[in-house]
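**Q** Sequence and predicted structure, then a few things I'm wondering about:
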Amino acid sequence: MTGETIGSIATALVVGGGIGGMASAISLAERGVAVELIDLDPDWRVYGAGITITGPTLRAYRRLGMLEAIKAEGAITSKTRLFRYDGTHLHDLEEPVIEEGLPATGGIMRPILHRIMQARVRELGIPVRLGLTVTALDQPAGGAVEARFSDGTAGRFDLVVGADSVYSGVRELAFPHMAAAVPTGQGCWRISIRKPPGLEMGEFYLGHANPCGITACGPDAVYMWMLTPHVERESHMDEEELFVTLKALLADFGGNAGWIRDNMTRQDWINYRPLAAALQPKPWFAGRVVLLGDAVHATTPHLASGAGMAVESGIVLAEELARAATVDEALLAYQERRFDRCRDVIETSVAVGRLQLEHGDPRVHAQMLEGALSRLNQAF
Ligand SMILES: Cc1cc2nc3c(=O)[nH]c(=O)nc-3n(C[C@H](O)[C@H](O)[C@H](O)COP(=O)(O)OP(=O)(O)OC[C@H]3O[C@@H](n4cnc5c(N)ncnc54)[C@H](O)[C@@H]3O)c2cc1C
């Protein structure tokens, strides 16, 4: 909780109640802004994957007062262990503690993280309207935004935050200079499963055309990811095809990745998703409409930092609105504080993905990851 207040903005609409939207709504409401949050999903759910929470992401969640809940309901690990795909141990990634009392890394199931953030949104009394989006955003003279909603209602706000993810509707309505995210040529498999008996920390399996990794998400829960070249197809895979294909893709793997192949069942949650990324060009704001999260800095999972970037952006936006003399100055300062940091994450992630598609040296891959992760340890 912060003692700062935002004088220039009394009301804000946050479009998108995911990780970035909730971080933004919480950070603004804590500084006295009357925030309204909307989400397209009538049930405000999130799918059943786990998520890796790096040190910098934990630091951002600590600022939101959620570190203890994540520690209690997720899993905290001190290191990530690198293996050759057959299970031979290569080395351990050094993941230093970046703030006193802050764990080095961890993981949590997405629905649990969502529930922790939703609880804080409700505690702050933020009105949440579900099953709707914005259909128009007009900015008449005088510095307010008139929003029209898909249920026919309308509202007037001092600020609109577009946090509606990679296919952002707010971006389409108000940012004609931006474009859709670009497919990177890889897809990501994920399975949520019980913890392999020998797993002690995060694991990466490298040196194979299809790298994979495992993150602990609770006392008896992990998720495993695998990256593969993406092949366009006409239809989605059904559950049976997802199961059979992932099992076959794991054929060469040893260690705990091999354990997952041998123990996975049809009840385990499995998902495949093609990857896309985009660092949208400046400006990230148009009048009193501003973007954050995947809507403006969508990345791939290679650095496990997309959620962390979204939370940081939510915090920085509120900090700059509390600090700057005018809203224009605040939005510019927000954009400048975020742009290069998000660019580093996106460019490194996309470059590592390209290296994987070209069967590059796994040592180079590990060095790129370590370099970017240590840059992210710096203050945001
Ligand atoms: C395969 C994969 C694995 C990943 N793994 C990790 C990881 O391990 N660690 C990590 O830090 N990051 C990871 N990420 C990235 C991370 O998930 C995203 O960067 C993060 O969720 C972005 O937050 P967001 O708030 O911008 O979007 P989201 O969390 O996607 O939330 C967007 C919200 O907006 C709503 N919405 C969408 N459209 C509209 C609309 N038109 N109107 C109103 N509401 C709308 C949605 O219902 C949703 O609730 C991964 C990404 C992928 C693709």
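**A** In hand now; what should we look at?
**Q** Show me where the stretch 251-380 of the chain has its strands.
**A** For the stretch 251-380 of the chain, the strands defined by DSSP state E, counting those that start in this stretch occupy 269-279, 285-286, 289-291, 298.
**Q** which bits of this protein sit near the ligand?
**A** Neighbours of the ligand within the chain, by CB under 6 Å from any ligand atom: 15-21, 38-41, 51-52, 57, 133, 163-165, 169, 188, 273, 293-295, 301, 304-308, 310. All C-beta spots, glycine's among them, are computed from the backbone N, C-alpha and C.
**Q** Tell me which of these fall in helices.
**A** Using DSSP state H, the members of the residues of the chain next to the ligand that fall in helices are I19, G20, G21, T57, G169, D294, A295, G306, A307, G308, A310.
**Q** circling back: export the strands of the stretch 251-380 of the chain to TSV and tack on mean pLDDT and mean neighbour count?
**A** What follows is these, written out as TSV (pLDDT from 0 to 100; neighbours: other CB atoms under 10 Å):
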stretch	mean pLDDT	mean neighbour count
strand 269-279	97	18
strand 285-286	98	24
strand 289-291	98	28
strand 298	98	25
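**Q** Of those, which is nearest L332?
**A** Of all those, strand 285-286 sits nearest to L332, with 7.7 Å by CB to CB.
**Q** so what's K79 up against?
**A** By CB atoms under 8 Å, 6 or more residues apart in numbering, the residues touching K79 are D92, L93, E94, E95, A104, T105, M201, G202.
**Q** Got a ChimeraX select line for the buried ones in the residues you listed?
**A** Entered in ChimeraX, the line below selects the buried ones among these, by 16 or more other CB atoms under 10 Å:
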select :93,95,104,105,201,202
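**Q** any idea which element the closest residue to H89 other than its chain neighbours lies in?
**A** The shortest distance from H89 to any residue other than its chain neighbours is 5.7 Å, reached at F83 (CB to CB, 6 or more residues apart in numbering). When elements are defined using DSSP states H and E, F83 is found to belong to strand 80-84.
**Q** avg pLDDT for that strand?
**A** Strand 80-84 comes out with an average pLDDT of 91.
**Q** what angle separates the next helix-or-strand element following that strand from strand 80-84?
**A** Downstream of strand 80-84, the first helix or strand assigned by DSSP H and E is strand 89-93. Relative orientation of strand 89-93 versus strand 80-84 (axes from the mean of the first three to the mean of the last three CA atoms, to 10 degrees): 150 degrees.
**Q** name the helices or strands packed onto strand 89-93?
**A** Contacts defined by 3 or more CB pairs under 8 Å, 6 or more residues apart in numbering; DSSP states H and E place strand 89-93 against strand 80-84, helix 362-376.
**Q** buried subset of the residues of the chain next to the ligand?
**A** Buried members of these, scored by 16+ other CB under 10 Å, are 15-21, 38-40, 51-52, 57, 133, 163-165, 169, 188, 293-295, 301, 304-308, 310.
**Q** Give me the spatial nearest neighbour of the residue of the chain found nearest the ligand, chain neighbours excluded.
**A** Ranked by CB to the nearest ligand atom, the top residue of the chain for proximity to the ligand is G18, at 1.8 Å. Closest residue in space to G18, ignoring its immediate chain neighbours: S165 at 6.1 Å, by CB to CB, 6+ apart.
**Q** residues in contact with the one you found?
**A** By CB under 8 Å, 6+ apart, the neighbours of S165 are G16, G18, G293, D294, A295, A298.
**Q** for stretch 373-380, the distance to its chain's centre please.
**A** A distance of 16 Å separates the centroid of the chain from that of stretch 373-380, by CA atoms, centre = their mean, to the nearest Å.
**Q** tell me the mean pLDDT over it?
**A** For stretch 373-380, the per-residue pLDDT averages 93.
**Q** The nearest residue to P211 once chain neighbours are set aside - how many residues pack around it?
**A** Leaving out its chain neighbours, the residue that sits closest to P211 by CB to CB, 6+ apart is L227, at 5.6 Å. Residues lying near L227 (other CB atoms under 10 Å) number 23.
**Q** Likewise for E358?
**A** 7.
**Q** Give me the phi and psi angles of D43.
**A** In terms of degrees, to the nearest 10, the main-chain angles of D43 are phi -100, psi 0.
**Q** just checking, it touches L130?
**A** Yes. Counting by CB atoms under 8 Å, D43 touches L130, with 7.2 Å between them.
**Q** Who has more neighbours out of the two?
**A** Counted by other CB under 10 Å, D43 and L130 do not tie: L130 has more neighbours, with 13 against 8.
**Q** List the buried residues of stretch 338-346.
**A** Those would be R338, F339, R341, C342, D344, V345, I346, for stretch 338-346 by 16+ other CB under 10 Å.
**Q** How about stretch 122-141?
**A** I126, V128, L132, T133, V134, L137.
**Q** residues in contact with the third one?
**A** In this case it means L132. Neighbouring residues of L132 by CB under 8 Å, 6+ apart: I38, L40, F149, S150, D151.
**Q** List just the nearest of those to R194.
**A** Each of the contacts of L132 was scored against R194 by CB to CB, and L40 proved nearest at 32.4 Å.
**Q** Look up the closest residue to that closest one, ignoring the ones flanking it.
**A** Among residues not flanking L40 along the chain, T133 sits closest, at 5.0 Å (CB to CB, 6+ apart).
**Q** That neighbour against F149, yeah?
**A** Yes. Counting by CB under 8 Å, F149 is a contact partner of T133 at 7.2 Å.
**Q** what do the two both touch?
**A** Common neighbours of T133 and F149 (CB under 8 Å, 6+ apart) are I38.
**Q** What confidence value was assigned to L369?
**A** L369 is assigned 85 on the pLDDT scale.
**Q** That one: how many residues sit nearby?
**A** 21.
**Q** And for R63?
**A** For R63, the neighbour count with other CB under 10 Å is 18.
**Q** Pull the residues that contact the biggest strand by length in the chain.
**A** Within the chain, and with DSSP state E defining each element, the longest strand by residue count is strand 182-194. Strand 182-194 has contacts (CB under 8 Å, 6+ apart) with 48-50, 109, 212, 217, 220-230, 246, 249, 260, 263-264, 268-278, 300-301, 350, 353-354, 356-357.
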